[in-house]
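S.K.: From the sequence below, what's the structure:
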Amino acid sequence: QLQIVESGGGLVQPGESLRLSCTASGGSLSSYRVAWFRQAPGKEREEVSCISNFGEYQYLNSVKGRFTISRDNAKTTYYLQMDSLKPEDTAVYYCAAGSGMTISCFAGMKYWGEGTLVTVST
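M.R.: Model (predicted):
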């Protein structure tokens, strides 16, 4: 059973940066699609960024050019570099992993972390 852990959240001011990390115990992320999602208070969960099994990247339109998803060479740790943060980026950010071929990189996520809170505020 894969257990996913996110880290790196915190309180920052608008325009600042944060880097979230995603790791797993009980197995390796190397054979999974890995994605970042977020959910702001009172809002629906959003698909933020994803890396497919083939190394293809996808981003939510509102974070394109500001957020970058990456992974280490062993594909065991995934990152979400978030630059030029805005108040509307405030949310709990979740890392998730899925296997198999799906229509969307974000679909069919089987394993989820508990989330890390990102707050962007003055």
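S.K.: Show the average pLDDT along stretch 32-50.
M.R.: pLDDT averaged over stretch 32-50 equals 96, rounded to a whole number.
S.K.: buried set for that stretch?
M.R.: Along stretch 32-50, the positions that meet the burial threshold by neighbour count (16 or more other Cβ atoms under 10 Å) are Y32, R33, V34, A35, W36, F37, R38, E46, E47, V48, S49, C50. Just so you know, the C-beta spots here come from the backbone N, C-alpha and C atoms, and that holds for glycine as well.
S.K.: now the second one: how far from K43?
M.R.: When Cβ to Cβ, to the nearest Å is applied, the distance between R33 and K43 equals 24 Å.
S.K.: Tell me the buried residues in stretch 10-21?
M.R.: Taking 16+ other Cβ under 10 Å as the criterion, stretch 10-21 shows V12, L18, L20, S21 as buried.
S.K.: Next, the first one: phi, psi?
M.R.: The phi and psi torsions at V12 (degrees, to the nearest 10) take the values phi -130, psi 160.
S.K.: so what's the residue positioned nearest the centre of the chain bridging to?
M.R.: With distances taken as Cα atoms, centre = their mean, the residue of the chain nearest its centroid is W36 (2.2 Å). In this structure, W36 has the following beta-bridge partners (DSSP bridges): S49, C95.
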